[in-house]
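[1] The sequence isn't on hand, but the structure is:
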């Protein structure tokens, strides 16, 4: 029987989400017939290596989110140990987690992006880096950690810049309209989900709190826009070199009618696997239950790349 070790927790800002994802995945894998162990990953890589050597897994299921779990660090460690693991490899993970590197890849693939600037915290404190409205976010974080939208009349910019603790900053034009997401499993886009946050902004709370947002799938958008979103998601998945499953997030500006303007925001190489997560929802809509989804990722796990 295949032995699977699920990595969960970690030391990023998304630790609590990873704990929920990992526990849900471990239970699903047990239901699917695997022998499952878990490791709550901490700050000591030597301790992780020791635990992995003790458990001797055939496959590692990576349920970590954020820095050190999603950015190529743990992928490099697993490559060094010669252990097959789920989701994307080192290069794709590192590039996807770095918003500037990812946008460089996407531009080369001619995918639609928002205009941007790269201010320092001091430059952001001194002046608007882009015409209002615009968004600022950390270059190396996920799950909407540290994201702020600045609009006309907003007086928070200097205060937020002075208190910034999330590393390098990227500013992007704000795209009005709707939030869409597309999961890619293997080489196939599953469907398009519209995310309607109850707060008006798809922030960390809206993503992970029970009832924080409403998911509409398939999204009620023009068929041409839906088809294009799925095409772009697959193209982004391939451009980065992702494997297993990824999730592409979009803004869809339909304020002047449909079909509207699609803008690719980012690709998540370690999408959430919590009870409110989008990938399990899309898979279920396609007839793939959660144990089958997790089992497929284990079966398709590879070393390196």
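    Thanks, I have it. None of the values given here were measured: they were computed from a predicted structure. Residues are numbered from 1 along each chain as shown.
[2] gap between the two ends of stretch 166-181?
    25 Å (Cα to Cα, to the nearest Å).
[3] Now that stretch: buried residues?
    Buried residues in stretch 166-181, counted by 16 or more other Cβ atoms under 10 Å: 166, 169-175, 177-181. Placement of C-beta: from N, CA and C, glycine included.
[4] low pLDDT regions in the stretch 1-150 of the chain?
    The stretch 1-150 of the chain contains residues with pLDDT under 70 at 142-144.
[5] swap the cut-off to 90 and go again
    For the stretch 1-150 of the chain, applying pLDDT under 90 flags the ranges 1, 12-14, 66-67, 140-146.
[6] Return the residues in contact with the residue nearest the centre of the chain.
    Centroid check for the chain by Cα atoms, centre = their mean gives residue 268 as the closest residue, at 2.5 Å. Residue 268 sits next to 70, 96, 142, 246-249 when contact means Cβ atoms under 8 Å, 6 or more residues apart in numbering.
[7] Show the buried residues in these.
    Neighbour-count burial (16+ other Cβ under 10 Å) applied to those gives 70, 96, 142, 246-249.
[8] and of those, the nearest to residue 287?
    Nearest to residue 287 among the buried ones among the contacts of residue 268 is residue 247, at 18.5 Å by Cβ to Cβ.
[9] Kindly reformat the buried residues of stretch 166-181 as CSV containing pLDDT.
    Putting the buried residues of stretch 166-181 into CSV (pLDDT from 0 to 100) gives the following:
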residue, pLDDT
166, 89
169, 96
170, 96
171, 97
172, 96
173, 97
174, 97
175, 96
177, 95
178, 95
179, 96
180, 97
181, 98
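[10] Where strands are concerned, which of those residues count?
    Among these, the members found in strands (DSSP state E) are 169-173, 178-181.
[11] what's the spacing between the host helix or strand of residue 262 and its chain's center?
    For residue 262, the host element (DSSP states H and E) is strand 261-268. Here strand 261-268 is found 11 Å from its chain centre; the criterion is Cα atoms, centre = their mean, to the nearest Å.
[12] How about stretch 59-74?
    For stretch 59-74, the distance to the chain centre is 12 Å (Cα atoms, centre = their mean).
[13] For whichever helix or strand comes after the strand holding residue 262, which residues meet the burial criterion?
    Once strand 261-268 ends, the next helix or strand along the chain (criterion: DSSP H and E) is helix 278-285. For helix 278-285, the neighbour count (16+ other Cβ under 10 Å) marks 278-283 as buried.
[14] what's the answer for stretch 22-31, then?
    Buried residues in stretch 22-31, defined by neighbour count with 16+ other Cβ under 10 Å: 22-26, 28-29.
[15] Among those, which lie within strands?
    Residues from the buried residues of stretch 22-31 lying in strands, with DSSP E as the criterion: none.
[16] Give me the subset of these that lies in helices.
    Judged by DSSP state H, the subset of these located in helices is 22-26, 28-29.
[17] The buried residues of helix 278-285 into TSV, with extra columns for pLDDT and distance to residue 152?
    What follows is those, written out as TSV (pLDDT from 0 to 100; distance: Cβ to Cβ, whole Å):
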residue	pLDDT	distance to residue 152
278	95	31
279	96	36
280	96	39
281	96	35
282	97	36
283	96	41
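[18] Beta-bridge partners for the residue nearest to the centre of the chain, please?
    Applying DSSP bridges to residue 268 gives these bridge partners: residue 247.
[19] how near is it to residue 188?
    Per Cβ to Cβ, to the nearest Å, residue 268 is found 17 Å from residue 188.
[20] now swap in residue 130 and tell me
    Where residue 188 is concerned, residue 130 sits at a distance of 36 Å (Cβ to Cβ).
[21] So if I had to pick from those two, which one is more boxed in?
    The neighbour count for residue 130 versus residue 188, taken as other Cβ atoms under 10 Å, is higher for residue 130 (18 against 12).
[22] Now do the SS call for that one.
    coil (DSSP: H, G, I helix; E, B strand; the rest coil).
[23] I'd say it and residue 172 touch.
    Yes: taking contacts as Cβ atoms under 8 Å, residue 130 lies within contact range of residue 172: 7.5 Å.
[24] what's the overlap in contacts for these two?
    Common neighbours of residue 130 and residue 172 (Cβ under 8 Å, 6+ apart) are 115-116.
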